[in-house]
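Novice: Fold the following, please.
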Amino acid sequence: MEHASAAATLDVHGTVTGWSEGARRLTGYPAEEAVGRSARELLAQEVPPGAVSALSGTVLLRRRDGSAVPLPLRGRALLGAAGTPSGYAVTVEPPDERTPCLTGETFQQASLSMSVHDTRQRYLRVNDTARRALGLPEEDVIGRRLPETMDDMGANGPEFVRHMRQVVDTGRPARYEICTPASSPLGDHAWTIEMWPVRDASDEVAAVAVAGFESTEQHRARQRLALLNEAATGIGTTLDVVRTAEELIQFLVPRFADFAGVDLLDWVLGTGEPFVVPTGDAGLRRVAHSATTEGFPRASVHLGEIDVHPPSSAPQRALREGRAVRTGPGDPDFDRWMRVRNEQAPYNRSYRERICSTLAVPLKARGTTLGVVLAVRTTPQAPYADDDTVLVEELASRAAVCVDNARRFARERATALLLQHSLLPTDLPGQMAVEVAHRYLPSVSAAGIGGDWFDVIPLSGSRVALVVGDVVGHGIPSTATMGRLCTAVRTLADVDLPPDELLTHLDDLVTHLAADDDGEEVAELGATCLYTVYDPVSRRLTLAAAGHPAPAVVLPDGTTRLVPMTAGPPLGVGGLPFEATELLLPEGSVVALYTDGLLEDRGRDIDHSTAELCRALTAPAHSLEALCDTVLKAVMPEEPSDDVALLLARTRALGADRIRTWEVLSDPAHVAATRRSVLEQLAEWGLDEAAFVTELVVSELVTNAIRYGEPPIQLRLIRDSALICEVSDGSATSPHLRRAHAYDEGGRGLLLVAQLTQRWGSRQTGSGKTIWAEQPLPAR
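Specialist: Down below sits the predicted model:
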């Protein structure tokens, strides 16, 4: 037995009578606890009576910590004086002297933190690694409940208990991860915990074994990857510089900083060109900051204000050197910086004394420095390490690109707005046919400003043209296209073409522009336009559309409807005709012209939006300006994705007392009688001062119509904001000015008309042409 690793003696009843030191080391039971006990209590399996004397094999021995271990036993009978057995000797022989039993040593010396617990979460055994982590000797741990020690370590005790109960109840192992805070004895670390059941001989769960290993590096790597993936969609959600800076701060605080701030160079918030990063005590504008504790530290500089960083500070060094700067207490530059800050804002001195590390990273995009982000950690947090620097640099790089995109968008938007405002009418030209009010709201979407436009163009005969258009696309190209189309419409309107003919010429122009661009897509293609002409004399509205929504009309009795019309194809399609629609409007009717941005938006039903527009147009309003605001408030989407243009026009009518018409015979002898009739009408209107010029104009225009035109010939005088003289005849030949030679007998009539009147011109009609001339009314 001297070579046995453990030995014990039993009496004939199976009671332990002797216990060796080897047995104590093997089982954990000291001699005073083992002697006197039945041997069956020390086994983890049932054995039949008399088996000890015949035993020569492997049994499951239950250790003091509750674990079971298979051991090779040999039992021998001890004979008395009569030669009968008086007891038994049980020995455990080492299986191989060259391979000692290392079961206990393996558990005790494992690099993992390991422990065994009973089903009530009490410690039965802990290894050296777990004991060192707990900071307690083994005798102070054995018998304590697990939640007590977990709470002492800053871990989540209830989480441990829940998983341990789950293992006991289900008999299945559990695996999960916990994080301990920096304030705990374990420090700021992540741990992977694995629990598995320990079963007895009857296959019942008798204990739970726990192993834990540190997984801080893996945990932080997963965190960084998840954070960068989240930042890819969470930073730069809008094309707004300040909002982008705020989103960056939200990612840093509180996960990686106790305080963080973003300062930008002043020009970034404007629309100017970038300039060289200044040196020395440079001022940066604070656009975002946040701290883990609200109101502490107090902001040394308020949002929107300039913060001056000294040259030795981390932000200024990061700007100057173009790299991340990590510093903390003990660094002369940091200490110098803190002294300056304490003088500037002494109320934050206690907070600065807790700072353990700062990290300043420049915001750089496309080779341009935009500003700097500063992250601060305080005790008991660990100072910033290399992996933290890499992470913040990645986040700053992402934010810098988004800030630069927002800056470029703001610059292009400002340019497009400036160009658009220079092209759109600001002060509408004076005319008496309609009362107008208008609104133009540029898009606030990321796509940029569109090419919506409108115009009011005075025409001859007191008529007026109302125009709205919409160019496909956004940005400066669309704005430039809008300017070209607006100019083209004004030019064609000056020729006084009917709406359908004007759109045909405009469509040809767009087609030619597209052909000149070598087949490349141009913004004009797909543009829409609505052109209307209102005549206050006849009270007729004539209109035609190129792919544009029909206008709405509100009659004086409150009836509202969309004008039934056929919208032709968008401009640039070519080959398809445009149809004109004509309707008679009572005086005081309101015509609403608009672009599709007013009604159309993602998720909106166009019919519902149209019905809302018709209802809004009938709302009580003391003026057209107020009605414009009412319509926009009721109909326009909350965040329109496209430009919105709205033009309202209330019609006026010229009464019969302001118009006089004569049918003229095609005979020069009747010119004198026509002049006398005109003079009589002027006297009736009280316009004797205009008689001389009007007589000359009438004489020249009527004579030309008789001499060069065709019957029927008609003369019409209109007294509006100006005195208008119109002569119509059945010939389609348009007159033109020419230079008369010294000895020519004629050729000076139109030149005389042009010199005496404010403006003159001609327009084609369905039965010929009309020559007209306007002269201002005498001042009263």
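Novice: how is this structure carved up into domains?
Specialist: Using automatic domain parsing, the domain parsing of the chain gives 6-101, 106-214, 234-413, 426-651, 657-776.
Novice: is it possible to export those domains to CSV including mean neighbour count?
Specialist: All C-beta atoms are positioned from the backbone trio N, CA, C, and that covers glycine. Listed next are the domains of the chain as CSV, based on neighbours: other Cβ atoms under 10 Å:
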stretch, mean neighbour count
domain 6-101, 15
domain 106-214, 17
domain 234-413, 18
domain 426-651, 19
domain 657-776, 16
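Novice: right, and the ones you listed - which one's nearest Arg224?
Specialist: domain 234-413 (5.1 Å; Cβ to Cβ).
Novice: Flag the shaky bits of the stretch 1-150 of the chain, pLDDT-wise.
Specialist: 1-5, 47-57, 93-104 (pLDDT under 70).
Novice: I meant to write the stretch 651-780 of the chain there.
Specialist: Looking at the stretch 651-780 of the chain by pLDDT under 70, you get 736-748, 780.
Novice: is it true that Leu598 touches Leu646?
Specialist: Yes - at 6.2 Å, Leu598 and Leu646 qualify as touching, with contact defined as Cβ atoms under 8 Å.
Novice: can you list residues touching both of these two?
Specialist: With contacts defined as Cβ atoms under 8 Å, 6 or more residues apart in numbering, the residues adjacent to both Leu598 and Leu646 are 631-632.
Novice: picking up where we left off before, now the domains of the chain as a markdown table including distance to Arg222?
Specialist: Putting the domains of the chain into a markdown table (distance: least, Cβ to Cβ, whole Å) gives the following:
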| stretch | distance to Arg222 |
| --- | --- |
| domain 6-101 | 34 |
| domain 106-214 | 9 |
| domain 234-413 | 12 |
| domain 426-651 | 32 |
| domain 657-776 | 77 |
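Novice: do you know which of those lies nearest Leu227?
Specialist: Proximity to Leu227 (Cβ to Cβ) singles out domain 234-413 among the domains of the chain, at 6.7 Å.
Novice: next helix or strand past the biggest helix by length in the chain?
Specialist: Counting by DSSP state H, the longest helix found in the chain is helix 386-423. Per DSSP states H and E, the first helix or strand lying C-terminal to helix 386-423 is strand 434-441.
Novice: Give me the angle between the helix or strand following that following strand and strand 434-441.
Specialist: Counting by DSSP H and E, the element after strand 434-441 in chain order, helix or strand, is strand 453-458. If you take axes from the mean of the first three to the mean of the last three Cα atoms, to 10 degrees, strand 453-458 sits at 160 degrees to strand 434-441.
Novice: now for the very next helix or strand once past strand 453-458, which elements pack on it?
Specialist: Going down the chain from strand 453-458, the next helix or strand is strand 464-470, by DSSP H and E. Where contact means 3 or more Cβ pairs under 8 Å, 6 or more residues apart in numbering; DSSP states H and E, strand 464-470 is packed against strand 434-441, strand 453-458, helix 476-494, strand 528-535, strand 590-594, strand 644-651.
Novice: Could you list the paired strands of the next helix or strand after the last one along with their orientation?
Specialist: Past strand 644-651, further along toward the C-terminus, the next helix or strand under DSSP H and E is strand 659-664. Looking at strand 659-664 with DSSP bridges, its partner strands are strand 713-719 (antiparallel).
Novice: Can you show me the CA trace of the helix or strand just after the partner strand as CSV?
Specialist: For strand 713-719, the succeeding helix or strand toward the C-terminus, using DSSP H and E, is strand 722-729. Taking C-alpha atoms only, strand 722-729 is exported to CSV below (Å, rounded to 0.1, in the frame of the first residue of the first chain):
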residue,chain,number,x,y,z
ALA,A,722,-53.5,103.3,-72.3
LEU,A,723,-55.4,104.4,-75.4
ILE,A,724,-55.2,101.6,-77.9
CYS,A,725,-56.0,102.0,-81.6
GLU,A,726,-56.5,98.7,-83.6
VAL,A,727,-57.2,98.3,-87.3
SER,A,728,-58.0,94.9,-88.6
ASP,A,729,-58.3,93.7,-92.2
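Novice: and the angle from strand 722-729 to strand 659-664?
Specialist: 30 degrees.
Novice: Pairing partners for strand 722-729, with directions?
Specialist: Looking at strand 722-729 with DSSP bridges, what it pairs with is strand 713-719 (antiparallel), strand 768-776 (antiparallel).
Novice: okay, and for the stretch 451-600 of the chain, where does confidence drop off?
Specialist: 473-476, 515-525.
Novice: For Ser202, which three-state class applies?
Specialist: coil (DSSP: H, G, I helix; E, B strand; the rest coil).
Novice: Roughly how far does it sit from Leu42?
Specialist: 16 Å (Cβ to Cβ, to the nearest Å).
Novice: can you check Val198 too?
Specialist: 17 Å.
Novice: on that earlier part again, quick one, which of the domains of the chain is nearest to Gln223?
Specialist: Closest among the domains of the chain, using Cβ to Cβ: domain 234-413, at 8.0 Å.
Novice: Verify the contact between Ala465 and Cys529 for me.
Specialist: No - between Ala465 and Cys529 there is no contact under Cβ under 8 Å: 11.6 Å.
Novice: Apart from its neighbours in sequence, what residue is nearest Thr504?
Specialist: Phe578 (5.8 Å; Cβ to Cβ, 6 or more residues apart in numbering).
Novice: so who does the one you found touch?
Specialist: Counting by Cβ under 8 Å, 6+ apart, Phe578 has contacts 499-500, 503-504, 507, 544-546, 568.
Novice: What about the residues you listed, which are in strands?
Specialist: Of the positions in these, 544-546 sit in strands, assigned by DSSP state E.
Novice: And the closest residue to Gly547 other than its chain neighbours, how far from Ala488?
Specialist: Spatial nearest neighbour of Gly547, chain neighbours left out: Pro570 (3.4 Å); criterion: Cβ to Cβ, 6+ apart. As judged by Cβ to Cβ, Pro570 and Ala488 stand 15 Å apart.
Novice: do the same with Arg122
Specialist: Arg122 is 91 Å from Ala488, by Cβ to Cβ.
Novice: do Thr581 as well
Specialist: Taking Cβ to Cβ, one finds Thr581 at 22 Å from Ala488.
Novice: And Asp388, by the same measure?
Specialist: Asp388 is 60 Å from Ala488, by Cβ to Cβ.
Novice: Check Gly766 too.
Specialist: 24 Å.
Novice: which of the ones in strands among the contacts of Phe578 lies closest to Ser762?
Specialist: Ala544 (21.6 Å).
Novice: give the contact list for the closest one.
Specialist: So Ala544 contacts 498-500, 502-503, 530-532, 565, 568, 578-581 (Cβ under 8 Å, 6+ apart).
Novice: In the stretch 201-350 of the chain, mark out all the strands, start to finish.
Specialist: Listed in chain order, the strands of the stretch 201-350 of the chain (DSSP state E, counting those that start in this stretch) span 205-214, 259-264, 283-291, 306-308, 325-327.
Novice: any chance of those strands in CSV, with mean pLDDT and distance to Gly461 too?
Specialist: As requested, the strands of the stretch 201-350 of the chain are exported to CSV (pLDDT from 0 to 100; distance: least, Cβ to Cβ, whole Å):
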stretch, mean pLDDT, distance to Gly461
strand 205-214, 88, 92
strand 259-264, 93, 58
strand 283-291, 89, 58
strand 306-308, 86, 61
strand 325-327, 94, 75
